[in-house]
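Output the structure for:
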Amino acid sequence: MTIKKNKIKEKIFAILTWGAGILSIVVLLYIIGFILYKGVPYIKPSLFSLKYTSENVSLMPALISTIIMTLMSLLIAIPFGVFSAVFLTEYAKSGNRFVKIVRVTTETLSGIPSIVYGLFGMLFFVTFLNWGFSILSGAVTLAIMILPLIMRSSEEALSAVPDVFREGSFGLGAGKLRTVFKIVLPAAAPGIFAGIILAVGRVVGETAALIYTSGTVAQIPDSPFASARTLAVHMYSLSGEGLHMGEGYATAVVLLVLVIGINALSAFVAKRIGGYGKDK
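Numbers count the residues shown, from 1 in each chain. I've put the predicted structure just below:
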């Protein structure tokens, strides 16, 4: 009887697992299909004009601003996040009180709503530092938002590298720094890039924090202190006006393609760095 009950439980668990997986795929395909159905008919050349007007509601300035904003925030957050994770996993002693404080602080920061980051960015970067509503204020605010995500994912990826790798490197005469950069970081690259991909998704889809920091001006920024809007803010503005809903869905299509392209590129780079893209 016990064996039969266990088999029944296993079958039920297998059905629930498959059902959850299929449901996730169906929901994802439905969302993608809905966006394509609503947005593709409104994709036209005028949407990709370099200059935004109230007639063409071009998304090109927002697309360029999104790429610039993403690159700037990643350039700030990745070095701090990865090197902080290296310190916590490779150099800090286990049980260190400072390490515990850093981890608690990181977990706390990851749970703060984005609008709180936006209000902080507005008060500190926009007002106190007098940067104004600018792409620099938005990028630094986003960098602070994604820093905990990159830091925690990098720490987990580094911790997952077997100690045999480190011991073998030390046995061959390599120092600590060389072992970290030549052995540990390349082995942990796929996990680190997974966190970076999640961070990119949060940056590209963020609206609340950017409305308070970078503004909503629909133009290509000519300097770090120029105001600009990203694709997500552009969609929010169009839907708020209620006059160009079709163009808003078309913007969603472009945003979807952009995210998929960034994810594919990041996965390819991670495999190359990690050594998994070569034929064995």
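
which residues are contacting stretch 79-93?
With contacts defined as C-beta atoms under 8 Å, 6 or more residues apart in numbering, stretch 79-93 is touched by 98-99, 102-103, 143, 146-147, 149-152, 154-155, 157-159, 176, 180, 184-185, 192, 195. (Each C-beta comes from the backbone N, C-alpha and C, glycine too.)

tell me the average confidence for that stretch?
For stretch 79-93, the mean pLDDT works out to 88.

cool, and stretch 111-121?
For stretch 111-121, the per-residue pLDDT averages 90.

Over to stretch 45-63?
Per-region confidence: stretch 45-63 scores 86 on mean pLDDT.

Drop anything exposed from the contacts of stretch 79-93.
Buried residues within the contacts of stretch 79-93, counting neighbours by 16 or more other C-beta atoms under 10 Å: 102, 143, 146-147, 149-152, 154-155, 157-158, 180, 184-185, 192, 195.

contacting residues around residue 24?
Contacts of residue 24 by C-beta under 8 Å, 6+ apart: none found.

what about the protein, any weak spots by pLDDT?
By pLDDT under 70, the low-scoring segments of the chain are 1-2, 270-271, 273-280.

Let's see that with 50 instead.
Scanning the chain with the threshold set as pLDDT under 50 gives 276-280.

any idea which residue sits dead centre in it?
Residue closest to the average C-alpha location in the chain (C-alpha atoms, centre = their mean): residue 199, at 1.8 Å.

ok, then the element right after the biggest helix by length in the chain?
Longest among the helix segments of the chain by residue count, using DSSP state H, is helix 2-39. Using DSSP states H and E, the helix or strand that directly follows helix 2-39 along the chain is helix 60-86.

ok, and for that next one, which residues are buried?
By neighbour count on 16+ other C-beta under 10 Å, the buried set for helix 60-86 is 60-66, 68-70, 72-74, 76-78, 81-82, 84-86.

For residue 263, the count of nearby residues, please.
Using other C-beta atoms under 10 Å, residue 263 has 16 other residues around it.

ok, now which ones touch it?
Residues in contact with residue 263 (C-beta under 8 Å, 6+ apart) are 197, 200, 201.

Which ChimeraX command selects the buried ones in those residues?
Applying 16+ other C-beta under 10 Å to the contacts of residue 263, the buried members can be selected in ChimeraX as follows:
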select :197,200
